[in-house]
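J.: Sequence and predicted structure are below.
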Amino acid sequence: MKKLSWLNRFIYFVNSIIAFLLLCSYLLPYISPQTFPLLSLLSLLVPVLILANLAFVLYWLIKLRKQFLISLIVLLIGFTTVTSFFRISEKQVILNDDLKVMSYNVRLFNLYNWKPESSDSIRKNIVEFVHEKSPDIVCFQEFVNDYSGSFKYKYRFVNSKNADNKRIRFGQAIYSKFKIINSGSINFKSNTNNAIYADIVKEKDTFRVYNVHLESLKIQLDQENLGEEDSEKLRKRLQTKFGKQVDQVNLLLENEKNSPYKTIICGDFNNTAFSWVYNQLKGDKNDAFVEAGDGFGKSYDYFLPARIDFILPNEAFTVNNFKNYFVDYSDHYPIMTRLQLQ
């Protein structure tokens, strides 16, 4: 077999770096982001690393070169990571008595005009969408308190705080068709982020639903200047943001540990399925997308197939179906699953 040309040697060098980074990323779910905040950025890049390694495999196969093995081996080592990134077929078990649970970050109903439509128009669209899909339980993040009466559900728990400018109160909300017998707030040390919960009774079963909105990392990888000076600022900012996420996750897990009921965790994690945050919150629960979704599961309007919104039921529930709805009313897309109580 002929030796590699200079161009292909360079391509193989790049390939080796990309494969090594993907290999390193497999360790991130087990390393607290407080330890290596810049390294934890890799969790946001895993989709790119997977796609790049797949591209290298195809490139070397077309060239009939054994160099395809380096990326193929790394992809096989992280098989569960790769399969959680993309699902081929949707599970479709639709029952009349299963539980429909939706999670949706509504971004304040466009109150600050991020989109050209008016806030009233966006709110109307979201209300109509939710009523059309008719989830039994819906968890909203970045929910404006003033709009709490817009959704026609018999039971609800809305927890809000004053924004920095004091103009509005917003936070999280849980709406339910079934009776809420208890509710509470975990009270993160943050101006806007929080987790709330509601204990809900469906027939003879009682379960706890958590609605989580973790600290935002405020990272735009397509815009971030990673020069030497800015990298230090980025490192400090990430250390602070990741530190808050770690504290918030620990508070939520402590509450869940003391819950007398089976649990479902829903919400905007502001982190990916390849992160320590996700790994801690998932524990031995199921990821509804992994169990029953298809495609990339993209839940955030970004140039990468970013999945940062999750529904994680514990093993007391069977996941029958999962859907992403690509409606353009927020910077997040609503997700919904159908669950069957065992």
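T.: Sure, I can see it. Numbering: from 1, shown residues only.
J.: what about the stretch 51-200 of the chain, any weak spots by pLDDT?
T.: Scanning the stretch 51-200 of the chain with the threshold set as pLDDT under 70 gives 163-166, 190-191.
J.: what about the strands in it?
T.: For the stretch 51-200 of the chain, the strands defined by DSSP state E, counting those that start in this stretch cover 99-105, 137-144, 155-162, 169-176, 179-185, 194-202.
J.: And those: which comes nearest I308?
T.: Each of those was scored for nearness to I308 using Cβ to Cβ, and the closest is strand 99-105 (9.0 Å). For every residue, glycine as well, the C-beta is placed using N, CA and C.
J.: got the angle between the closest one and strand 194-202?
T.: Between the axis of strand 99-105 and that of strand 194-202 there is an angle of 160 degrees, by axes from the mean of the first three to the mean of the last three Cα atoms, to 10 degrees.
J.: Next, the buried residues of stretch 18-32.
T.: Of the residues in stretch 18-32, I18, A19, L21, L22, L23, S25, Y26, L28, P29, I31, S32 count as buried by neighbour count, 16 or more other Cβ atoms under 10 Å.
J.: Please read the previous query as pertaining to stretch 198-217.
T.: 198-202, 206-217.
J.: Buried deepest among the strands of the stretch 51-200 of the chain, which one?
T.: strand 137-144 (a mean of 27; mean count of other Cβ atoms under 10 Å).
J.: Contacts for that one next, please.
T.: 99-109, 111, 130, 151, 153, 158, 160, 168-178, 192, 200, 209, 211-213, 266-268, 332 (Cβ atoms under 8 Å, 6 or more residues apart in numbering).
J.: how about a cut-off of 6 Å?
T.: Applying Cβ atoms under 6 Å, 6 or more residues apart in numbering, the contact partners of strand 137-144 are 101-109, 130, 168, 170, 172-176, 209, 211, 213, 266-268.
J.: OK, contacts around the spatially most central residue of the chain?
T.: The chain has I308 as the residue nearest its centroid, 2.1 Å off, counting by Cα atoms, centre = their mean. Contacts for I308 were tallied using Cβ under 6 Å, 6+ apart; they are F269, N270, Y300.
J.: Give me the distance between it and I196.
T.: When distance is defined by Cβ to Cβ, to the nearest Å, I308 is 19 Å away from I196.
J.: before we move on, the earlier item: in a markdown table, list the buried residues of stretch 18-32 along with pLDDT.
T.: As requested, the buried residues of stretch 18-32 are arranged in a markdown table below (pLDDT from 0 to 100):
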| residue | pLDDT |
| --- | --- |
| I18 | 97 |
| A19 | 97 |
| L21 | 96 |
| L22 | 96 |
| L23 | 96 |
| S25 | 93 |
| Y26 | 94 |
| L28 | 92 |
| P29 | 93 |
| I31 | 91 |
| S32 | 89 |
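J.: need the residues you listed in JSON lines with secondary structure and distance to K63, can you?
T.: Rendered in JSON lines, the data for the buried residues of stretch 18-32 read as follows (DSSP: H, G, I helix; E, B strand; the rest coil; distance: Cβ to Cβ, whole Å):
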{"residue": "I18", "secondary structure": "helix", "distance to K63": "17"}
{"residue": "A19", "secondary structure": "helix", "distance to K63": "17"}
{"residue": "L21", "secondary structure": "helix", "distance to K63": "22"}
{"residue": "L22", "secondary structure": "helix", "distance to K63": "21"}
{"residue": "L23", "secondary structure": "helix", "distance to K63": "23"}
{"residue": "S25", "secondary structure": "helix", "distance to K63": "26"}
{"residue": "Y26", "secondary structure": "coil", "distance to K63": "27"}
{"residue": "L28", "secondary structure": "helix", "distance to K63": "31"}
{"residue": "P29", "secondary structure": "helix", "distance to K63": "34"}
{"residue": "I31", "secondary structure": "coil", "distance to K63": "36"}
{"residue": "S32", "secondary structure": "coil", "distance to K63": "41"}
